[in-house]
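Generate coordinates for the sequence data below:
(one chain, ligands or ions: 3)
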Amino acid sequence: MKTKKKFLRVAVSTPLRRTFDYLPDDDTEINTPQPGIRVSVPFGKRKNVFGLIISVNSKSEYPFHKLKKINYLIDKKPIIDIKHLDLLIWASNYYHHPIGEVIHNALPALLRKNEYKKKYEDNFWSLSKKKLSSNTHTIKISPAQKDIINYLKKCNQSISEIELYKIFPRSKRSLISLEKNGLIQKESGEHVEVLKKSIKKNVTLNNHQNDAVNSIVASLKTNSVFLLDGLTGSGKTEVYMTVMKSVIESNKQCLVLLPEIGLTPQIIKRFKNRFNVPIGIQHSGLSDIERLKHWQDAKTGKTKIILGTRSAIWTPLKNPGIYIIDEEHDLSYKQQSGFQYSARDLLVVRAKRDNVPALLGSATPSLETIFNANKNRYIHLILPTRAGAAKPPKFQLLDISGKKMYGPLSKILIDEIKNHLKAKNQVLLFLNRRGYSTHIYCHHCGWRAECERCEIPFTYHKSNNTLKCHQCGTSKKNIKNCASCKSELLRLGHGTEQIEEVLLTQFPKSNIARIDRDTTRKKNTMDNYLDKINTGKIDILVGTQMIAKGHHFPNVTLTAIVDADRGLFSTDFRASERLAQLFMQVSGRTGRGEKEGTVIVQTYNPSHPLFHSLIKNGYNYLSKSLLEERESSLLPPYSYMAFLRVEAHNVNQVKYFIKNAGMQLKQLSKNTLQLFGPIPALIEKHSGRFRYQLIIQASNRNNLHAYLDEWLQKLEKMKGSKTVRWSLDIDPQDMS
Ligand code: ADP
Ligand code: ZN
Ligand code: ZN
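Residues are numbered from 1 along each chain as shown. Ligands and ions are numbered 1, 2, ... in the order given. Okay, here's the model as predicted:
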């Protein structure tokens, strides 16, 4: 009997928006190709490219003689199940992004390699149990080997090889020779984690927290979406953890997404102290092998909690019970380049598909989420008060026009800082700009020190006497004199370095710390700072948005927003929303303990309605009026948006391509879509590339997506499509 022909539809990582059909190799009788199995295939000129089987079909739209055979199957069994594969395909369709690249994005690096990789196994090392004969004294061991032995002695249990490599880098040879000498022994394979016995007691939830927990727990078998709307410090994390306890008791898993700078060792510790179950971590700081291990442990169901940043949304789960996202409005959930997805939106979609609840928490929910709650698509839960004894902070708008200033700090603010320090409290100063001064220019002829590649001002960094472009990273030695007329240059605008300098002269006896990307480049420095703050070793803390979010500083009673005006006059339609969110997040750092907090806002625009609305009526009230503005101008969430972003070194090529692209879409959609532009991006030039965007808006989502599909097919073939860089951004989050 003739066996039926099989065609393998394979996704390969390429910018082309399509899949490729292959024939099975001759081994198919032994190894059955299935969706989710990785394959090695010949692709174009390359002989050996990694791909993933999307489906196995009995027909192909391509002529038989044109099809090539795969080289071989990489796996015996699928590495992801159909459900997870379907999610990736859904994302590829929704974001109109090539499926091969979506898969590439979603798999741990070690699985994207085209090599036969068995299930990842770690080794576990411990001291040898065999009674060592007396002649072991004659065995020579190096100091490095001795260190390993002492460490294992101290731990008194077996230690994973990965852990050992972290403490003793490049110790492979030492381990082997110690094993040869019978001093240590190895077990391979699954290791049962030694769990801590003492688990921190839960706090007693207040009524609001209890209500929230009850309503979520009652819906664990549904696919309801919850918005947990509560000030910073109102106890949202406690609500997450209580709900998670129920989920874990029914032997299901919890995926918890945190913002990029929110996933600190402190928060991981908080979860580990509370739960007696294996916890997996997913973020970009992990080594490839750790990432793979956590990925696999989530897939097999071994880890019950997975904490991660944006990319953790791609972690496969064996038995999902709830999807949680903290600070859902945070911009770090949107991938801004390449595959431009929103982990927040995917989380809601994924929860629906898995038929489990999604829980979105925030002190300052995005307007989209508030909109969905208003429409009763999401269940709105509110925590109106701060948990425990903490009270909401007092705001003070400080008009600094004409006031005595010490660099960026007004005398009034300095005096206020003194009072708080005298009362043995801590102070936090926020300025979202690192470096010393932000503009260097010639008063005589008007010349400015600018990055040629981006045409934006250089920032002066005093600590290493350089000029830096904060956009492309170009750095050069500082100059004192004008390049054009040789006059001495002026420096304007303030950064965190300058605040630190002013503080050092004003408060010589205080301990001052600056936290920004310049001071926290080395691993663990951020955590050291956080520890020092929490143990009272720092009196004044200066920082950028790295300190704005998530951290809990119980002894900070004064927070100052040094320059509140930045962002007030941006043309991005989301600017007010973002400014209000940042404002609330920063002020949320203060008075989180038992002492009352104050927020001082330095501004030249004290009568700006945004400040007044925010301070007088709070974020929720402001968000209502912002939503009204969006509605009247038909902006998202009252319409659906996509950007075509185009960039190239040659500005004419950019304009040519984007103009033609726009015309094509206009024709295709018979004017049912609204097009704006081409307009220059907010960051008009970056690293020598000119950047433009076409704004596409529609009142109906399906309508938008249907046309985009057709349009993209045309764009791929359009003249210039290979000379400019272009990408489509669905539900864009900023105009930069
Ligand atoms: P959020 O996530 O909303 O910022 P957290 O859950 O982190 O708030 O709570 C802030 C602080 O208040 C934490 O130290 C937490 O342990 C404490 N806390 C939360 N809920 C309670 C409660 N019901 N009683 C006492 N302390 C609480
Ligand atoms: Zn630059
Ligand atoms: Zn000059």
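
how about stretch 432-449: buried residues?
Across stretch 432-449, burial judged by 16 or more other Cβ atoms under 10 Å covers 432-442, 447-449. Placement of C-beta: from N, CA and C, glycine included.

Equivalent analysis for stretch 53-62, please.
In stretch 53-62, the ones that count as buried by 16+ other Cβ under 10 Å are 53-55, 60.

Span of it from start to end?
17 Å (Cα to Cα, to the nearest Å).

Identify the residues contacting that stretch?
With Cβ atoms under 8 Å, 6 or more residues apart in numbering as the test, stretch 53-62 has contacts from 4-11, 19, 21, 33-39, 67, 85, 89, 99.

Go again with 10 Å.
Under the criterion Cβ atoms under 10 Å, 6 or more residues apart in numbering, residues 4-11, 19-24, 32-39, 41, 66-67, 70, 73, 75, 78, 82, 85-86, 88-89, 92, 99-100, 103 lie in contact with stretch 53-62.

Now intersect the residues you listed with the helices, please.
82, 85-86, 88-89, 92, 99-100, 103 (DSSP state H).

count of residues packed around whatever residue of the stretch 601-736 of the chain ends up closest to ligand 1?
Proximity of the stretch 601-736 of the chain to ligand 1 (Cβ to the nearest ligand atom) peaks at Tyr619, 13.8 Å away. Per other Cβ atoms under 10 Å, the neighbour tally for Tyr619 reads 22.

for it, phi and psi?
The phi/psi pair for Tyr619 (degrees, to the nearest 10) reads phi -70, psi -40.

got a list of what it touches?
229, 231, 362-365, 370, 577, 580-581, 583-584, 613, 626.

List only buried entries from the contacts of stretch 53-62.
7-11, 19-24, 33-39, 41, 70, 73, 75, 78, 85, 88-89, 92, 99-100, 103.

Can you list phi and psi of Asn319 for me?
phi -140, psi 70.

Can you give me the distance of it to Thr204?
The gap separating Asn319 from Thr204 is 30 Å, by Cβ to Cβ, to the nearest Å.

if you skip the residues just before and after it, what's nearest to the residue of the stretch 551-700 of the chain found nearest ligand 2?
Closest contact between the stretch 551-700 of the chain and ligand 2, by Cβ to the ion, is at Ser687 (6.1 Å). In space, and not counting its chain neighbours, Ser687 is closest to Cys472: 4.2 Å by Cβ to Cβ, 6 or more residues apart in numbering.

residues in contact with that neighbour?
Counting by Cβ under 10 Å, 6+ apart, Cys472 touches 451-454, 456, 683, 685-689.

Now with 6 Å, please.
Residues near Cys472 by Cβ atoms under 6 Å, 6 or more residues apart in numbering: 453-454, 687.

Of these, grab the buried ones for ChimeraX.
In ChimeraX, this line selects whichever of the contacts of Cys472 come out buried by 16+ other Cβ under 10 Å:
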select :453,454
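
Quick one: residues contacting the closest residue to ligand 3 within the stretch 101-250 of the chain.
Residue of the stretch 101-250 of the chain nearest ligand 3, by Cβ to the ion: Thr232 (47.2 Å). Thr232 makes contacts with 363, 588, as judged by Cβ under 6 Å, 6+ apart.

Check whether it sits in a helix, strand or coil.
Put simply, Thr232 is coil when judged by DSSP: H, G, I helix; E, B strand; the rest coil.

Relative to ligand 1, how far out is it?
Using Cβ to the nearest ligand atom, to the nearest Å, Thr232 is found at 5 Å from ligand 1.

quick one: that residue from Gly262, how far?
From Thr232 to Gly262 the distance is 11 Å (Cβ to Cβ).

for Met526, same thing?
12 Å.

Tell me the pLDDT of whichever residue of the stretch 551-700 of the chain sits closest to ligand 3.
Per Cβ to the ion, Lys685 is where the stretch 551-700 of the chain lies closest to ligand 3, at 23.0 Å. In this model, Lys685 is scored at 90, pLDDT.

which one of Asn319 and Thr204 has more residues nearby?
Asn319 (13 against 9).

thought the more buried one was touching Lys302?
No - Asn319 is beyond contact range of Lys302, at 10.8 Å (criterion: Cβ atoms under 6 Å).

re the thing from before, in strands only, show me the buried residues of stretch 53-62.
Counting by DSSP state E, those place 53-55 in strands.

now the residue nearest to Ser687, what's its secondary structure?
Cys472 is classified as coil under three-state DSSP.

So that it lines up with my notes, have the first residue be 30 from now on.
Yes, from this point I'll number from 30; that puts the last item at Cys501.

Show the backbone phi and psi for it.
With angles defined as degrees, to the nearest 10, Cys501 sits at phi -110, psi -10.

Ligand 2 versus that one, what's the distance?
3 Å (Cβ to the ion, to the nearest Å).

Does Phe719 belong to a helix, a strand or coil?
strand.

and the stretch 180-329 of the chain, which of its residues are near ligand 1?
232-235, 238, 259, 261-267 (Cβ under 6 Å from any ligand atom).

Let me see the confidence value for His220.
46.

farthest-separated two in the ones in helices among the contacts of stretch 82-91?
Ile111 and Gly129 (18.1 Å; Cβ to Cβ).

ranges for the strands of the stretch 530-679 of the chain?
According to DSSP state E, counting those that start in this stretch, the stretch 530-679 of the chain carries its strands in the segments 541-544, 569-572, 585-590, 627-632, 669-677.

Strand partners (parallel or antiparallel) of the last one?
If I follow you right, that is strand 669-677. Partners of strand 669-677 in the sheet, by DSSP bridges, are strand 718-727 (antiparallel), strand 754-759 (antiparallel).

Single out the most deeply packed of the ones you listed.
strand 718-727 (a mean of 21; mean count of other Cβ atoms under 10 Å).

Output that one as CSV, restricted to C-alpha atoms.
Extracted C-alpha coordinates of strand 718-727, given in CSV (Å, rounded to 0.1, in the frame of the first residue of the first chain):
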residue,chain,number,x,y,z
ARG,A,718,19.4,57.4,10.2
PHE,A,719,16.4,59.6,9.4
ARG,A,720,13.2,58.4,10.8
TYR,A,721,9.6,59.0,9.6
GLN,A,722,6.3,57.4,10.3
LEU,A,723,2.9,57.0,8.7
ILE,A,724,0.0,57.0,11.2
ILE,A,725,-2.8,54.6,10.2
GLN,A,726,-6.1,54.9,12.1
ALA,A,727,-9.3,53.0,11.9
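
near ligand 2 at all, that strand?
No - figure legend: strand 718-727 not in contact with ligand 2 (Cβ under 5 Å from the ion); closest approach 10.5 Å.

Any figure for the gap between the residue of the stretch 530-679 of the chain found nearest ligand 3 and Asn731?
Minimum separation of the stretch 530-679 of the chain from ligand 3 (Cβ to the ion) falls at Glu530, amounting to 26.1 Å. The gap separating Glu530 from Asn731 is 56 Å, by Cβ to Cβ.

Just give the closest residue to Tyr650, not the sequence neighbours.
Nearest non-adjacent residue to Tyr650 (Cβ to Cβ, 6+ apart): Ser642, at 6.5 Å.

Touching, that neighbour and Leu651? I think so.
Yes - Ser642 lies in contact with Leu651 (Cβ under 6 Å); the separation is 4.6 Å.

which one of the two has more residues nearby?
More crowded of Ser642 and Leu651, by other Cβ under 10 Å: Leu651, with 24 against 19.

hang on, the more buried one packs against His641?
No - contact criterion Cβ under 6 Å: Leu651 and His641 do not qualify, at 9.5 Å.

From Pro294, how far out is Met270?
17 Å.

higher neighbour count, these two?
The residue with more neighbours, out of Met270 and Pro294, is Met270; 21 against 13, by other Cβ under 10 Å.

where's stretch 173-186 relative to the chain centroid, distance-wise?
Computed by Cα atoms, centre = their mean, to the nearest Å, the chain-centroid distance of stretch 173-186 equals 37 Å.

now what about that stretch, what contacts it?
For stretch 173-186, using Cβ under 6 Å, 6+ apart, the contacting residues are 156, 197, 203, 207.

Give me every residue in the protein lying close to ligand 3.
So the chain meets ligand 3 at 471, 473-474, 476, 511, 513-514, 516 (Cβ under 5 Å from the ion).
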